[in-house]
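Engineer: show me how the following folds:
(2 chains)
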Amino acid sequence: MMSKQKETTAKRVIEIIKENVELFEDAPELTIDTEFASLQITSIDFIKVIVAVEAEYGFEIEDDDLSYSNFKTVSDMVDYIVSNYDKAGEE
Amino acid sequence: MKTILEIFNQEHTYLSQYQTCCYQNCLRQVLAYYGVENAHLCINTVPDIYFIGEGQNYHLENKALPLIPEFAGCLQANMNMPGEFARVWEENLKNLEKGIPVIVCLDAFYLPYDQQYEKTHRSRWAILCGYLHQEKKVMLIDYSKGSSFSGAIPFDSFRKARESSNPMGESMLSGMAIYNSWSLIKPWEIPKLDPRSAVKNSLLRSLEFYECKEERGIDAISRVFMLMFRQLDKQQDSVQRTLIYEYGYKMIYAFLYSYRSLYQLYLSTAWEVLKYKSIKKLSESVLTGIEGWEKLLNLLFKASISVVAVTNDRISNQLDRVLDHEKSFIGNTDDILSEL
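Structural biologist: Numbering: from 1, shown residues only, chains lettered A, B, ... in the order given. Got it, this is the predicted structure:
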């Protein structure tokens, strides 16, 4: 079962994607299991999402992770955020 | 009366490596239509980059021809003819009547089937392959990721898309006038493709990229970035800084990322035809290099839109990494040349 934190983060990340990416008319419904590749988003769109995520959660994503090949699904991004948000909180 | 060429009914392929090289993609499709096997091997996938300018006014220019030199003679390119739509259209119709498809430049802003219809100006190339005289409709094949199209559009939309000045806007492909530009492949002048010789010559040209001639190839790229960083060090205005980063992004995207993607496809096609393991090895190495260029692009784009500073050191380090990786292609290329 998904933790409350992950559920809340997922909801917000989906909003962030919708705010930053102009999705194709026939794009699949955006859920936590959606694969970024299926949305046919460009790397520019992806970086827009990353920058918005960084602003929202107050940490910077590693340079080497700045590619959607590192985040297969929305869930992967949510896990990354939750894990780094926790780390930031511990520091 | 109808004029529809057979190319319209053929199966067409979209390859993601041609994402921003739609002109070359049209050339490939037309060459295949004329029966050239492995037509991708006729595309010139080796950039020939020069540094142009002085002071704060500088840019990179790619002087590479779209087709390999052996095929240059079969390409007729007619660029930038403002106010000449009627004359050009008449000439294009004559070509269609002779059975010759015409490669036309269009502004996506006026194309009803395009995602950016009436939103963003952006140039793209498509194949004009027919005209429905009674309906006044133009038959096009337009390959694009997510919005490939083959069908008819109203003549009036076509005319607007052809005459456009393509004003500068958000798109990287805006700002360069369309003005009725067109090309065709002269079928009677297509030479026979010798894959071995085409690959060998392309590899020899690729080595020129690394020759340490000032203002050309790898040195031109290093020089542009040095000047960009110098400008950024002095520039405090965030709007101006954004423009500098965007400029760097556009240059790397157009001349390195796009061309390396085409080159990797070239090598994988060459591997399929010639079966040399050394070609496969270089193809894999170029693929890794593309990931490096993508990381650099991501950093540049992030720097252009982020309020959190992406330091120039991080961009510079990534540039050094990817250029060092590029230099490793020299040994791989020499290996292939010794086998060919």
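Engineer: the residue in chain A positioned nearest to chain B: neighbour count?
Structural biologist: Chain B sits closest to residue A:66 of chain A, with a gap of 4.2 Å, by C-beta to the nearest C-beta. C-beta: built from backbone N, CA, C; applies to glycine. Counted by other C-beta atoms under 10 Å in any protein chain shown, the residues lying close to residue A:66 total 21.
Engineer: wait, isn't it in contact with residue B:302?
Structural biologist: Yes. Contact criterion C-beta atoms under 8 Å: residue A:66 and residue B:302 qualify, at 6.7 Å.
Engineer: name the SS class of residue B:104, please.
Structural biologist: Of the three states, residue B:104 takes strand under DSSP: H, G, I helix; E, B strand; the rest coil.
Engineer: so what's it up against?
Structural biologist: B:92, B:125-128, B:140, B:162, B:181-182 (C-beta atoms under 8 Å, 6 or more residues apart in numbering or on different chains).
Engineer: who in chain A is up against chain B?
Structural biologist: Taking C-beta under 8 Å from any C-beta of the partner chain, the part of chain A that reaches chain B is made up of A:24, A:40, A:43-44, A:46-48, A:50-51, A:54-55, A:60, A:63-64, A:66-67, A:69.
Engineer: buried subset of these, written for ChimeraX?
Structural biologist: Buried residues among the residues of chain A next to chain B (16 or more other C-beta atoms under 10 Å in any protein chain shown), as a ChimeraX selection:
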select /A:43,44,46,47,48,50,51,54,60,63,66,67
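Engineer: please enumerate the helices of the chain.
Structural biologist: As the question left the chain open, I've gone with chain A. Using DSSP state H, the helices of chain A run over A:4-20, A:43-57, A:74-90.
Engineer: the intended chain is chain B.
Structural biologist: B:22-33, B:85-97, B:155-163, B:195-208, B:217-234, B:238-252, B:258-274, B:277-305, B:312-327, B:329-339.
Engineer: now the ones you listed as TSV including mean pLDDT, distance to residue B:43 and mean neighbour count?
Structural biologist: TSV is the format used below for these (pLDDT from 0 to 100; distance: least, C-beta to C-beta, whole Å; neighbours: other C-beta atoms under 10 Å in any protein chain shown):
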stretch	mean pLDDT	distance to residue B:43	mean neighbour count
helix B:22-33	94	5	23
helix B:85-97	96	22	15
helix B:155-163	97	24	19
helix B:195-208	94	9	17
helix B:217-234	89	19	17
helix B:238-252	87	20	17
helix B:258-274	94	7	22
helix B:277-305	92	15	20
helix B:312-327	91	20	16
helix B:329-339	93	18	15
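Engineer: returning to what we had before: who touches both of residue A:66 and residue B:302?
Structural biologist: A:47, A:50.
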